[in-house]
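Let me see the structure of the following:
(2 chains)
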Amino acid sequence: MMRRWLMAAGCLIFAGQMAGCVAHTQPEELFQLSPESAANRAMQTRMFETKDEAELLSASAAVLQDLGFQVEESVREAGFLRAAKERSAREYGQYISRFFVLVLSMGKVLTPVDLHQKISVSLVARPLNPDATRQEVRIIFYRVVWKGDGQVDRQYIPPGQQKMEMIRDPVLYQEFFAKLSKAVFLEGFTL
Amino acid sequence: MKRRAVWGMIVGATVATLYGCVPPQPAPDLLAPTEAQMKIRSVQTRTFDVKERQVAMRAVIAALQDLGFIIERANESLGLVTAARFAEPNYYDVLGVTVTVRPQADARMMIRANAIYNNKPIEDPKVYQNFFATLERSLFVTKD
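Predicted coordinates for the structure are as follows:
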């Protein structure tokens, strides 16, 4: 019986170590358009039939403020906005799985949970044709998560480990563009 | 006899220490451009037939966004764009890039990109070829 538990704990630790071994992507691949690029672009972009780029930009800033973001940087000439908000990143599911891993590993493995996150936005508005009668707004959401402390066997994992990810939830983008359409009294459309 | 040996050792140690104290002469070509530098610069630079800087800059921003980059900073008057992306699926690696757009005399734009991968400069020409290919497409779409 004891041996089985040990095997289970061993497997878990092994799995945990393997999870850290994600293959490094070569930099040259990162400068190539991937098959998902087009889909991401469609999700992150809306077009508006308007000449007023400044109005689109300021309306975008207002919508971001409504969503709780603080505008960190803005460059009108480049049609660029960057905003961020910080929130707690705690999730019940992570605490539950942390508990089970702790029990299964007989108190040897304490996985770090997500504690804090910074959700950021990078937004660019640009004219699509030379007369600038049609504008495009592209927004990208991403987040940085800070983890709490943990332990594997006797080795302590200090808190503050970072994890970064792009947010690719279409609902979030739809919500933002719905609000932006309302703010500029224009219907945004995709190609 | 023993004292002499100690003295001998002290003198020997001093001489050895002083020997290391010759100030290193800086090489006269320390800041001179090397061939490798010229090479990497030509790899990172390309000139396009674009008249307005703003058009070129917006194309650069669009190309970077298509490549999944997050625009961090943009400065129109200097023609400067800084962007970064996570090396997905590995979220611990960061790829950064700075692009400068400079007008040239004959109504052309010189675009230079510097890419770094985890704080190490990328010198692989293929990376820059890929970038400029995407940029070309973006410029072409913007022109229409």
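
element containing the residue in chain A that chain B sits nearest to?
Closest contact between chain A and chain B, by CB to the nearest CB, is at residue A:77 (3.3 Å). For every residue, glycine as well, the C-beta is placed using N, CA and C. For residue A:77, there is no helix or strand it lies in under DSSP states H and E.

Please enumerate the helices of the chain.
Using chain A here. Assigned by DSSP state H, chain A shows helices spanning A:2-19, A:27-30, A:37-44, A:53-66, A:92-104, A:170-184.

try chain B instead
Under the criterion DSSP H, helices of chain B are mapped to B:2-19, B:35-44, B:53-66, B:125-143.

List of residues touching the last one?
Right, helix B:125-143. A:27-28, A:31-33, A:128, B:43-44, B:46, B:48, B:50, B:55-56, B:58-60, B:62-63, B:66-67, B:97, B:111, B:113, B:115, B:122 (CB atoms under 8 Å, 6 or more residues apart in numbering or on different chains).

if you set the cut-off to 7 Å instead, what comes out?
When contacts are defined by CB atoms under 7 Å, 6 or more residues apart in numbering or on different chains, helix B:125-143 is touched by residues A:27-28, A:31-33, B:43-44, B:46, B:48, B:50, B:55, B:58-60, B:62-63, B:66-67, B:111, B:113, B:115.

pull the CA atoms of it into PDB?
Extracted C-alpha coordinates of helix B:125-143, given in PDB (Å, rounded to 0.1, in the frame of the first residue of the first chain):
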ATOM      1  CA  PRO B 125      19.300  37.100 -40.900                       C
ATOM      2  CA  LYS B 126      16.300  34.800 -41.400                       C
ATOM      3  CA  VAL B 127      14.400  36.400 -38.500                       C
ATOM      4  CA  TYR B 128      14.700  39.800 -40.100                       C
ATOM      5  CA  GLN B 129      13.800  38.500 -43.500                       C
ATOM      6  CA  ASN B 130      10.600  37.100 -42.000                       C
ATOM      7  CA  PHE B 131       9.800  40.400 -40.400                       C
ATOM      8  CA  PHE B 132      10.300  42.500 -43.500                       C
ATOM      9  CA  ALA B 133       8.200  40.000 -45.500                       C
ATOM     10  CA  THR B 134       5.300  40.700 -43.200                       C
ATOM     11  CA  LEU B 135       6.000  44.400 -43.200                       C
ATOM     12  CA  GLU B 136       6.000  44.400 -47.000                       C
ATOM     13  CA  ARG B 137       2.600  42.800 -47.000                       C
ATOM     14  CA  SER B 138       1.300  45.200 -44.500                       C
ATOM     15  CA  LEU B 139       2.700  48.200 -46.500                       C
ATOM     16  CA  PHE B 140       1.100  46.900 -49.600                       C
ATOM     17  CA  VAL B 141      -2.300  46.500 -47.900                       C
ATOM     18  CA  THR B 142      -2.100  50.000 -46.400                       C
ATOM     19  CA  LYS B 143      -1.400  51.500 -49.800                       C
END
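
That one - what's its average pLDDT?
Taken as a whole, helix B:125-143 carries a mean pLDDT of 85.

got the angle between that helix and helix B:53-66?
Helix B:125-143 runs at 120 degrees relative to helix B:53-66, counting by axes from the mean of the first three to the mean of the last three CA atoms, to 10 degrees.

which parts of helix B:125-143 are buried?
Within helix B:125-143, the residues scored as buried using 16 or more other CB atoms under 10 Å in any protein chain shown are B:127-128, B:130-132, B:134-135, B:138-139, B:142.

What's the per-residue pLDDT of residue 100 here?
Went with chain A since none was named. So residue A:100 comes in at 91 (pLDDT).

The chain in question should be chain B.
pLDDT at residue B:100 comes out at 95.

give the contact list for it.
Contacts of residue B:100 by CB under 7 Å, 6+ apart are B:79-80, B:112.

Using TSV, please lay out the residues you listed together with distance to chain A and neighbour count.
Formatted as TSV, the contacts of residue B:100 follow (distance: CB to the nearest CB, whole Å; neighbours: other CB atoms under 10 Å in any protein chain shown):
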residue	distance to chain A	neighbour count
B:79	10	22
B:80	10	17
B:112	15	17
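
Restricted to strands, list those residues.
Per DSSP state E, strands hold the following members of those: B:80, B:112.

Give me the below-cutoff pLDDT ranges for the chain.
Unless you meant another one, I'm taking chain A. Within chain A, the set of residues satisfying pLDDT under 70 comprises A:1-25, A:27, A:191.

ah, I was thinking of chain B
The model of chain B has pLDDT under 70 over residues B:1, B:15-24, B:26, B:89-91, B:142-144.

I am finished for the moment; much appreciated.
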